[in-house]
Every structure is written in C-alpha cells, then in structure tokens.
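In: Fold the following, please.
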Amino acid sequence: MMRHGVIWLQMRSEQPIIKRMPLKIPKECAMSRLRFIPLILLLLLGPAVLAQEETDLPALATDVARQLDEVQELADQASSDVDNAFSLLGLLEAFSFVVTIVGGAAAIFGVTRFISAQQDLQEARKRFDEEIASSRERLSRETEQRQREFADLREQLERSTSNATLALSFLPLGESQYKSGDFKGAIDIYQRALRLDPQNPIINYRIGYASTQSGLLEEAEHYLQQALATEPDFAPALAALGYVYRRRGEKMDEGIERVTILNKAENNLVRALSLSPKLVDADGESWWGSLGGLYRRRGQIDQAIFAYTQAAEVTPNSSYAFSNLALLYMQKNNRSRMLETYEQVEKLAADEVQADVDNYWAYTDLVTSRLALGKLPEAENALDRVFTTTPDDAPYVLEALLDTLSRLADVLNSPQGDSVSEFCVRIKQEIENRQQEAAAQAEADGLPAAAVPGSD
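Out: From the prediction side, this is the model:
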C-alpha cells in the first residue's frame, strides 16, 4: 500500500509539469514527450491498482503490461505520424519555396513576353500603317491610270463611232456613182469610207463587188476576204467571192487548177445561198444566176436549169434568169420552149430599160432575145444602147454578151445564125477598141498594162 501511495503521489506531483508545456513544440521535444506516455498511463492507473486485492496483482500486472504494450504501439504510431507530418510540412515548405521561385520566374518571363509582344505589336502596327499607306498610294496611281485609260477608250470609242457613222454616210454616195456606171468613182468613195472604218464588212464588200465589175479580180478577192475575216458568215461577201472565183476559173485552161478554183466558187455560192436563199447582188440579181452560170460552164445542164429557175423565182421581173434558161432549153433540144422563153425575156427587158434607161444588162438581154426571135432592126437598136450605156471600165458586160451570142449562133440555123455571128464580130471589135483606149490612158497615167480592166 505504501508503494502504491508513493506512485500516486509522484503522479500528482508531475501533473503540473505536463500542464505547463507549450502547445507548439519542436519535433524532437514532441518525440521525447511521447516516450513518457506509458509512464503517465501507469501512474494514472494507480488508484485502480490500490483498490484491487493482493490476490489480483499478477493478473493486474499482466493487464498493465498489455496496456503498456498497446500504449507503446500507439506511441510508436503517433511518433510515425508526427514524422510523416513533419516530412509533409517540410515538403510543403520546399514546395512553397519552389512555387515562389517559379512564380517569380514566371512573372519575370510574363513581363518580358508582354514587353516583347508589345514591341512586336508596335512594329506590326507600324508595318501595317506603312502597307496601308503604300496600298493607298498604289491604288491612287492605278485609279488614275485606269481613269486615263478609260478616258482614252471613251475618246477612241467616240471617235470610232463618229468615224463609223461618217463612213456609212459615204455608202449612198458610192452607190450613186456605181449606179451611174462610174465604177472607179464608186471605188474611190468606198476607199474613203474604208479609211474611216477599216473593219467594216459592208464597205469591204462594196469595194470588192465594184472591183469585180471593173475586172479587177485580184483586188476584189482581197477586199472580199477582208469582209469575211470580220464577218465569216456574211452571205453577200461569200457569194461575191464565189463569183470572183468563177470569173477566174473561166479564163483558165482545162486542168486541175481550173477544177479547183471552180469548186471553190461553187462552195462559196452554195454556202451563201444556204444562209440566204433569196440573196441578190448589188445590181438586184439573184445569186442563183451566178451558180447557174457555173454549172452551165461545167456542162451540168440540169443543175444549171435548176439554179436559173430558182433565180427566176427570186427575181420574177428580171430578164436575166429567163434569158439563160432559154438557151439551156435549146441545149436540151426544146426549140419551142426556147422561143417561148425569149418572148418573155424581150418583154421583161423592155420593161426594165423603160424603168432604168441605163440598165445595160437589160439591153444585152434585149439584143439576145430579138436576135433569137429574128428581129434584127430592133436588135441593132438594142446593141447601140449596150455600147452607149456600158461603162468603159466594165469589160465583162460585153464579154458576157459575146459569149451568149456565140452560143446562140451555134444553135440557130442559117441565115439567122449568120446574123448573130455578125453581131459577135461587132462586139469583139468594140471590146478591142475599148482595151486599146484603156491601155493608152493607162500609159498616159503611168500605170502598168495589168491595171487595165479586161486586159488579161
């Protein structure tokens, strides 16, 4: 009992010491205090021990030992937890330091980047301003350039429109000269119009057509090609070019070259008539007649009759198609129809010359029809009118009449055929006289002989 009392007194005497310990202690002090936990627990068990019988001391000792072991385990666990806590606290302090360092570095880096970005932005803004200024200057220059180009284009357009209008105003003048038989004067006027509007297909066609009637076939081909270069499907130019090829082929000897040129003539005439079946030339005659003349020269009589029949349907008041049909009927051994048709030709041609006293083509039909019908005095009068109305620079008119009368003389019997042959002699002489006069005039003007119409 005395021993138990001593132990209890010791525990009481040590309690104030425990109460005076500070709340925050270092790790080493905390660990030393944990070592006293078993002793403290033993002292706290003193009163319970004093109440036990002496006979319970072994069991009590065993129980106390067990409890001390548990307390020791708790103390060890607490010590381990304290170690872990202080380790974690150290890590937190280290991490806090690292975070502070990293945060400072990041702040410094961020400030540096911000300053750099601000400088880059200022430089970019400067470059942008410079590019904007440069673009505005370039745009201003280009705008001024475009305005000048537009002004020039407008001026050219106005000038071109004015020139085109003026050029077209020359066409009626040229046509009047052509109708009067002044082919050269008509070509000169058309040339003036062409200088104002070089690409005008109508003007090129007019020059080409007038040149054809003057016998200037090379010049005619050139201008007609120019018209077709601007307007490939311009039917009048196609037909006129086909007629030029036909005229050239007529003067060639038999051979592949002649066949080729006549094929080109046919192709152009057929194409033109496909585009415009009722197409007429500047003299008011159907282009079917030119195609019929091509077939007749080839010996294609049936095709020629068809073509001239088409021409007669297009221009029923013209004697041209019927005059050619009459001879074709004779070649088909249909004399009665030939004479019947020539009677119709005479009436139509008489009406034509009454409407236009200078219609030399109608006078040639009068000569042919009256000779076929045996009206020699009337034919003489008509031939005189042919000589007086046919322009000097239109040799093809007399050449065509000579060709027609030669064929008529071949199909008529004597003495009527002989009378026709005499007319042919007179026409040949007239052609020669005109060629000599033209050559003399060309020599006086210093022109080459090739420039004389019909000299070839």
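
In: Now the phi/psi pair for the residue nearest to residue 424 when sequence neighbours are not counted, please.
Out: Excluding the flanking residues, the one nearest residue 424 by CB to CB, 6 or more residues apart in numbering is residue 405, at 5.1 Å. Where C-beta positions appear, they are placed from N, C-alpha and C, glycine not excepted. Phi and psi for residue 405, reported as degrees, to the nearest 10, are phi -70, psi -30.

In: So residue 322: helix, strand or coil?
Out: helix (DSSP: H, G, I helix; E, B strand; the rest coil).

In: what's the burial count for it?
Out: Neighbours of residue 322 under the rule other CB atoms under 10 Å: 25.

In: What of residue 344?
Out: 16.

In: do the same with residue 301
Out: Neighbours of residue 301 under the rule other CB under 10 Å: 14.

In: Was I right to think it contacts residue 334?
Out: No. Assessed by CB atoms under 8 Å, residue 301 is found out of contact with residue 334, at 11.3 Å.

In: Where does the record place the domain boundaries for the chain?
Out: Under automatic domain parsing, the residue ranges defining each domain of the chain are 2-20+28-117, 333-456.

In: lowest-confidence stretch among the ones you listed?
Out: Lowest mean pLDDT within these: domain 2-20+28-117, at a mean of 59.

In: thinking the residue nearest to residue 424 is in contact with residue 427, fair?
Out: Yes. Using CB under 8 Å, residue 405 is in contact with residue 427, at 7.0 Å.

In: I'd like to know which elements the helix or strand harbouring residue 346 is packed against.
Out: For residue 346, the host element (DSSP states H and E) is helix 335-355. If you count contacts as 3 or more CB pairs under 8 Å, 6 or more residues apart in numbering; DSSP states H and E, helix 335-355 packs onto helix 319-331, helix 360-372.

In: Out of those helices, which one sits most buried?
Out: Among the helices and strands packed on helix 335-355, the stretch with the highest mean neighbour count (mean count of other CB atoms under 10 Å) is helix 360-372, at a mean of 26.

In: So what does residue 357 look like in phi/psi?
Out: The phi/psi pair for residue 357 (degrees, to the nearest 10) is phi -70, psi -10.

In: ok, now which ones touch it?
Out: Contact partners of residue 357, counting by CB atoms under 8 Å, 6 or more residues apart in numbering, are residue 389.

In: re earlier: burial check on the residue nearest to residue 424, number of neighbours?
Out: Neighbours of residue 405 using other CB under 10 Å come to 24.

In: Show the contacting residues for it.
Out: When contacts are counted by CB under 8 Å, 6+ apart, residue 405 touches 367, 368, 371, 420, 423, 424, 427.

In: if we can go back for a sec, nearest to residue 182, out of the helices and strands packed on helix 335-355?
Out: helix 360-372 (13.2 Å; CB to CB).

In: which element is the nearest residue to residue 366 once chain neighbours are set aside on?
Out: For residue 366, ignoring the flanking residues on the chain, the nearest one in space by CB to CB, 6+ apart is residue 382 at 3.9 Å. Using DSSP H and E, residue 382 falls within helix 376-389.

In: Please save the CA atoms from that helix in PDB.
Out: Output of helix 376-389 as PDB, limited to C-alpha atoms (Å, rounded to 0.1, in the frame of the first residue of the first chain):
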ATOM      1  CA  LEU A 376     -32.700  42.300-186.500                       C
ATOM      2  CA  PRO A 377     -33.500  46.100-186.600                       C
ATOM      3  CA  GLU A 378     -34.700  46.000-183.000                       C
ATOM      4  CA  ALA A 379     -31.600  44.100-182.100                       C
ATOM      5  CA  GLU A 380     -29.400  46.700-183.800                       C
ATOM      6  CA  ASN A 381     -31.000  49.500-181.700                       C
ATOM      7  CA  ALA A 382     -30.600  47.500-178.600                       C
ATOM      8  CA  LEU A 383     -26.900  46.800-179.400                       C
ATOM      9  CA  ASP A 384     -26.200  50.500-179.800                       C
ATOM     10  CA  ARG A 385     -27.700  51.100-176.400                       C
ATOM     11  CA  VAL A 386     -25.400  48.500-175.000                       C
ATOM     12  CA  PHE A 387     -22.400  50.300-176.400                       C
ATOM     13  CA  THR A 388     -23.500  53.700-175.100                       C
ATOM     14  CA  THR A 389     -24.600  52.600-171.600                       C
END
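
In: Quick test: name the residue nearest the centre of the chain.
Out: residue 230 (16.7 Å; CA atoms, centre = their mean).

In: separation between residue 186 and residue 391?
Out: Using CB to CB, to the nearest Å, residue 186 is found at 10 Å from residue 391.

In: Comparing the two, which shows the higher neighbour count?
Out: residue 186 (26 against 19).

In: Wait, that one touches residue 172, no?
Out: No. Applying CB under 8 Å, one finds residue 186 not in contact with residue 172, separated by 11.0 Å.

In: which helices and strands sit right next to the helix or strand where residue 207 lies?
Out: Using DSSP H and E, residue 207 sits in helix 201-213. Identification of packing neighbours for helix 201-213 by 3+ CB pairs under 8 Å, 6+ apart yields helix 57-179, helix 183-196, helix 217-230, helix 235-250.

In: what is the orientation angle of it with helix 217-230?
Out: 160 degrees (axes from the mean of the first three to the mean of the last three CA atoms, to 10 degrees).

In: Please work out the average pLDDT along helix 201-213.
Out: Across helix 201-213, the per-residue pLDDT values average to 96.

In: Next, count neighbours for residue 345.
Out: Neighbour tally, residue 345, other CB under 10 Å: 27.

In: Quickly note the distance from it to residue 278.
Out: 21 Å.

In: thinking again about what came up before, who does the helix holding residue 382 touch, helix- and strand-wise?
Out: Checking 3+ CB pairs under 8 Å, 6+ apart, helix 376-389 ends up next to helix 360-372, helix 395-411, helix 416-444.
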